[in-house]
Structures are given as structure tokens and as C-alpha cells.
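Visitor: Would you be able to build a 3D model of this:
(2 chains)
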2 protein chains.
Amino acid sequence: MSGLQFEIRAMDGAARCGVLHLPRGAVETPAFMPVGTAGTVKAMLPENVAATGARIVLGNTYHLMLRPGAERIARLGGLHKFMDWPFSILTDSGGFQVMSLAALRDVREEGVRFRSHIDGSEHFLSPERAMEIQDLLGSNIQMVLDECAPYPASRERIESSLALSMRWAKRSRAAFRAKSGRFCFGIVQGGVYPDLRRRSAEELVAAGFDGYAVGGLAVGEGQSAMFDVIAGTAPDLPQMRPRYLMGVGKPDDIIGAARLGIDMFDCVLPTRSGRNGQAFTWAGALNLRNARHADDPGPLDANCSCECCRRFSRAYLHHVVKSGEIIASMLLTWHNLFFFQDMLNRFRAAVAEQKTEQFCTRFLNGYRDGQADETG
Amino acid sequence: MSGLQFEIRAMDGAARCGVLHLPRGAVETPAFMPVGTAGTVKAMLPENVAATGARIVLGNTYHLMLRPGAERIARLGGLHKFMDWPFSILTDSGGFQVMSLAALRDVREEGVRFRSHIDGSEHFLSPERAMEIQDLLGSNIQMVLDECAPYPASRERIESSLALSMRWAKRSRAAFRAKSGRFCFGIVQGGVYPDLRRRSAEELVAAGFDGYAVGGLAVGEGQSAMFDVIAGTAPDLPQMRPRYLMGVGKPDDIIGAARLGIDMFDCVLPTRSGRNGQAFTWAGALNLRNARHADDPGPLDANCSCECCRRFSRAYLHHVVKSGEIIASMLLTWHNLFFFQDMLNRFRAAVAEQKTEQFCTRFLNGYRDGQADETG
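Guide: Residues are numbered from 1 along each chain as shown, chains lettered A, B, ... in the order given. From the prediction side, this is the model:
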């Protein structure tokens, strides 16, 4: 596996900026992938997702296999056509959602049997089926099936889970259908144990993948422990392959992890928060329900050039959030996705200028001060 | 009052097509006005409302006076700026919603005292206050306050309600703040009684308004009785002033009323139906929840050129409706608003070509056949 062209343009300490050259368009890294769970980035039209700068979105195998079904999407021409998204798609393997959403999970060597959280119907997911589904969807970057151990868990539990995940990774690797524009990533597990993380990375690198994800983080271990795992794992991964931190995270998590050499991120936070009246700004997170915004003619963020900030006041956003209007979800999601892209745009520029440390310090100070102000 | 330039370009029987020359842009008539109740056409960005062809939207005085408040909107620069809508806005007077939504209504000669359906707070609406609110909002076409009698009601009840509405219309007329780009319409009432409708029209015409609405219809009297009232009332209104049928309606109601000489319409149907998984097409209304759409790669309507029909399949729309995704409301609302505009585009072309009867017959046959198919 070596088809995925990943160009590193600059490095500064452990941080790097580069480009994933995918057939559906270049993706600048570090990259943030909006989550399009069920064939839609919630509350966004595809062209507006693209307008935020996103060039790759994440689709969820678990949700799509249950509804509308992978075979159906394949008959309809694949996920890109189905959701009218012309750029790249990465799909997860479904493992994480099986553990967090499905009922009556039965994990065996062969795979996992579970019941749908939607209608209780029984389903089976194996490494081979996870790759088949991702092939049917037409996913550009496909993830191996892994078992996501709960947190906290004993070292013994993590170790046996890791061993299963590594066997599943190799089966996934063997089942992956290599085609033009299709790539496959392995996932490093091992909890917060450096030796298990190293063992996992070594096994995956020996098997050979187009890129390497770090999984099983942001599950309750705390930011400091998460950064320790990333700092320990990154050097064990091939320098020239992309590194993807799954399901992370808050703006300060992302900046901190990018500083440690992570190239790709996904998280529901900007979209979910947007539907809950929360906006991310350079001065921290804002809750638009707060009455102090009711008469404010200014934008969400004076340092933001998104459509929402150029055209609508905080007073308007407060009004539509309070009124439960759908446009509140639409505008705040748009802003939040733009903010996450803009944040990484500026991070990449800082890496290119060898000013990563200054950028990170300035960003984190401004961001945390603002949060204190809002909650105070 | 004569500032409103209304140009009639063609007539065919009672039907006419023309142009309202408003400072914020020409509005071709017969025109459909999407409803933007609380400062947003629900589930639509303003640019997408404009992309459907709409050049005027309706705002609700009742909703906006309660939240966020007319004085607040005025301080923020007016409703156009608040909601980022560059074209024209017509506002109702609040009378209809006071009767249908508010609690503890006390209607007196002076005005109506009521409690907000949102928080129970007490409010007062008089003809003078209704016009003041519409002035604060910056509405381009302002409606007089009227009392909306319940249906059914005795002739005596309708007659006394009409008398009050006519006194309120004259007070509204006197309170209207004439400015550049601001116009005022009267509202004909009188239930289903031809002599009361005539009396109402004559009193309003004597007072003199920029345009005339027909109110108190589509409240349960049935389409045939509604058409009878319109056919009886239109000749009593000045030929050269626009006629607005308030709150109507279904596609066949609109085509039937336009055929009788109505120039303007508003209705929540395309937006509300869009949020409920219903689409209007040239072959009738469709319920996208219906399982027969699950594998359908075709568009909602092969005769529609809207963004939704050009880019998304019925299968996708079925999936996002079933999944409760916000994009379902966004896309179906967009399509429905486009359909209502497109329907009147084609109606206007038919009037210009003196083919109104043929168009109406063909439209109604196709539309009703399709409905039978969907519900059968």
C-alpha cells in the first residue's frame, strides 16, 4: 500500500503542514473533517460545507449500514453522489458506534453481533464486512475495524482488546479492496500504556497502511494524558504517512495535537454545538442563548470572515436560537465549521513560517481567556 | 395614497399579470410571498429564498412584537437588515395571530388586549400600535388591523365584526406613516355574504389604499365558496390596484384565485409542508416518508429545475426525511418555494399569451391526478 500521495511541505518541531493529494481534490493538512454521519453534515448544504474550506468529510459506517443500507447506496451510485459531495470522504469502520450506540453487543473473534439502536434489528460486523461496506459506499479513506475498549479499563482488558484489534486490522487490511482513489488506514490502540501503544504501532507499520490513526482517546483520560499518548506514539509512526487523531476534539485539543504532529481530525463538536446555540470564536466559546447578546449589533467574532459573521448580528443569532428556528442551527454550524477550518489554516501558515509555538501560545491564551469571560 | 406603482402588463378574462415596482426591486404578479414569521423563512438562508425567485416575503407583526420586539428590531436597523433580506417585505397587522394563537383575548373598540402564547405576558394591539410596529420594522407593505371573525359565525356576528374592522381600517389608514418605499393595504372582510363584502370594499376604496387584500377566507368555507367570494369581490376593487388574497393556499387554490384576478398570495404551506416531508410537484403532492421512494434514483419532479431536483434523488430525500435530518427540511422547503414561484411564472406566461384557461385546466388535471396516485 503506497498509493496515497502525502506531501509534507514544512515542519516545525513535531508539527508539520502538508497536502493529501486525493483524486477528488487536494486536502491541506493538518485537516479538519466535518462529520456527515448519515449522509449529511447536519444542517448544512454540501456547497456550504465546501465554502468553509472543507475538502473531506467523514461518513459513519454504522449509521449508513443501518439506514439506508450500504447496498442501497451502492445501487444509487455511491455515497458521494447520494449526498452530492464532490470532494473526498473518509469512513470509519463502525466499531466505535457499535460500542457506544448499539444494544446487545456480542464481540467474538469473528466479529461483533449487535442490535440496531433504531429498530432493534440484528446485524453483524466483521473486519471483512466493515471493509465491504466502505467499498460499497465508495469511501476514499477506509478505516480498519477495531474494538474500542471502555475507559477506564484494566491493563489486562486493554491488552486483550488490543490483541483482537490487531488481528482485526490485519484481516481488514487483507479484505480492503484496493482501487484507484481508495486508501486504507490502520488504527493504533493501547489505552494510556506507552508500551502497548508502541506494540500496536509496530504491528500496524509492519502490515503497512496508507495512513495511521490514533484511536481510543478523548474518552475520559483528560487532555494531558491524551497529549502524552500522542507525543509517545507519533515518533513510532512513519514520518511520511498521514496521522489521524480520531474523534478529537475541542479547539485547544486540536491545536495541541497538531503541534505534536497530527495531520487529520474529525469531531462532531462544531456541528453538534451549532445545533445547541454554541459558537466557537477566537476569544472562546459563546452561548448565544445568553441574554447579553439580545441587543448586540456586532458579529459573533470580529476576527471571522464567514458568511454568518459578515451578515448577521449576535442579536439576530440570539433571537433565532431562542425561537428554536432552524436557521440558528444552519448559521452557527456554518460559522463553527468555518472557525475550525480557519484555525487550521492559520496553524498551517504558522508551521510554514516556523512560528508554531508563538501561534499555539497566542491561540490558547486568547481562547481560554474568552471562555472564562463567557462562563463567569 | 397612490405612491405604489403597479403595472398591469396583460389581462386574460379576469386574470392579469403585471409588476409591482417597489424600491427594493420589481415583483412580478401574480406573486407568491414566502412566510418569514419570526425573521426567517424557516429552514432557508435568505439567498436561497431569493434563488427560488421570491422578491417579497411576509413578516408577522404578532410574532415579531413579542420576540424580539419591534423597538429592538428598529434599534438594530430594521427587519431587512436584521434578517439580511435585501428585497421587499410585507407585514400583516397581527390581528389574525392574536385571534388564532394568543390567550385571553379582550377585543374592544380601542383595540385588543391579549397574552403572549410564548410567556403569558400581557400585550395591547390597536390600529395605531399595529401601524407603529410595522413602521418600526420598516415594512414595505403594511396591513391595517382587522378583527378576524371565527368561522362559522352568524351574519350578525360577521356584520358587527366587519363594522369594527372598517373603523379600525380607517384608524390604521390615518396612523400609517407614509414614507418612501412604504405602502398600506386595506383588507376586505364580510365572510361569505356578498353584500357585506361589497360594503367592505366600497368603504375601503372610499378611504383609499395602495392595494386591497381579501381576508377571512380559507378558514373552513371550502374552495368553491372561497372562489365565489373572490369572483364577487374582485370587480368591486379598483382595476389598477393590486389585490392580495391573505393566507391562501394550496396550489389549486392559488391557480384558481389568480384566474379570478388575484395578484398576491402568501401561505405557510410550502414551508410547513417542507418540514413535514411533503413536496409539491406538477403531478400533485408527494409524501417523502412513503417507502416507495426508498430506492428511487429519480428527482422529486422531472419537470422542476430547482437545486433539490437537479442534485438529489427521491431515495436521498426519503432517507433524510426518515432520519429526521435538518437537510430534509432545507431541501423540501427550497423545492416547495421554487415550485410555488415556478407555478406562478408559468401562470403569468399563460396570461401574457392569452392561454390562461388552457393552462389552468392542464395544471389542475395534472395536479389532482397526481394526488390521487399518491394517496391511493
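Visitor: Quick check, pLDDT for residue A:309.
Guide: Note for residue A:309: predicted pLDDT of 98.
Visitor: One more: residue A:1?
Guide: 53.
Visitor: mind listing what residue A:52 touches?
Guide: A:34, A:306, A:334, A:337-338, A:340-341 (C-beta atoms under 8 Å, 6 or more residues apart in numbering or on different chains). Placement of C-beta: from N, CA and C, glycine included.
Visitor: Now it: phi and psi?
Guide: phi -80, psi -10 (degrees, to the nearest 10).
Visitor: go on, residue A:274?
Guide: Residue torsions, per degrees, to the nearest 10, at residue A:274 are phi -60, psi -40.
Visitor: Just the ones in helices from the contacts of residue A:52, please.
Guide: Among the contacts of residue A:52, the residues falling in helices (DSSP state H) are A:334, A:337-338, A:340-341.
Visitor: nearest to residue B:62, of these?
Guide: When the ones in helices among the contacts of residue A:52 are ranked by distance to residue B:62 (C-beta to C-beta), residue A:334 comes first, at 29.3 Å.
Visitor: Now distance to residue A:262 too, for the ones in helices among the contacts of residue A:52, in JSON lines please.
Guide: Formatted as JSON lines, these follow (distance: C-beta to C-beta, whole Å):
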{"residue": "A:334", "distance to residue A:262": "25"}
{"residue": "A:337", "distance to residue A:262": "19"}
{"residue": "A:338", "distance to residue A:262": "21"}
{"residue": "A:340", "distance to residue A:262": "14"}
{"residue": "A:341", "distance to residue A:262": "16"}
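Visitor: near chain B, which residues of the stretch 51-200 of chain A show up?
Guide: A:67-68, A:72, A:75-77, A:82-84 (C-beta under 8 Å from any C-beta of the partner chain).
Visitor: again, only this time at 7 Å
Guide: A:67-68, A:72, A:75-76, A:82-84 (C-beta under 7 Å from any C-beta of the partner chain).
Visitor: Which residue ranges of the stretch 201-350 of chain A form helices?
Guide: Taking DSSP state H, counting those that start in this stretch as the criterion, the stretch 201-350 of chain A carries its helices at A:223-233, A:251-259, A:269-275, A:307-311, A:314-322, A:326-352.
Visitor: Spatially nearest residue to the residue lying farthest from the centre of chain A (excluding sequence neighbours)?
Guide: Most distant from the centre of chain A: residue A:295, at 35.5 Å, with distances by C-alpha atoms, centre = their mean. Closest residue to residue A:295 apart from its sequence neighbours, by C-beta to C-beta, 6 or more residues apart in numbering or on different chains: residue A:315 at 5.7 Å.
Visitor: Return the distance of the one you found relative to residue B:72.
Guide: 7 Å (C-beta to C-beta, to the nearest Å).
Visitor: The two: which is more packed in?
Guide: Using other C-beta atoms under 10 Å in any protein chain shown as the criterion, residue A:315 and residue B:72 rank with residue A:315 on top: 21 against 16.
Visitor: List phi and psi for the residue in the stretch 101-250 of chain A positioned nearest to chain B.
Guide: The shortest separation between the stretch 101-250 of chain A and chain B is 8.9 Å, found at residue A:118 (distances taken as C-beta to the nearest C-beta). Note on residue A:118: its backbone torsions stand at phi -90, psi -50 [degrees, to the nearest 10].
Visitor: Once you drop chain neighbours, what's closest to it?
Guide: In space, and not counting its chain neighbours, residue A:118 is closest to residue A:66: 5.7 Å by C-beta to C-beta, 6+ apart.
Visitor: Show the pLDDT at the nearest residue to residue A:137 once chain neighbours are set aside.
Guide: Leaving aside its sequence neighbours, residue A:137 sits nearest to residue A:79 (C-beta to C-beta, 6+ apart; 4.3 Å). According to the prediction, residue A:79 has pLDDT 98.
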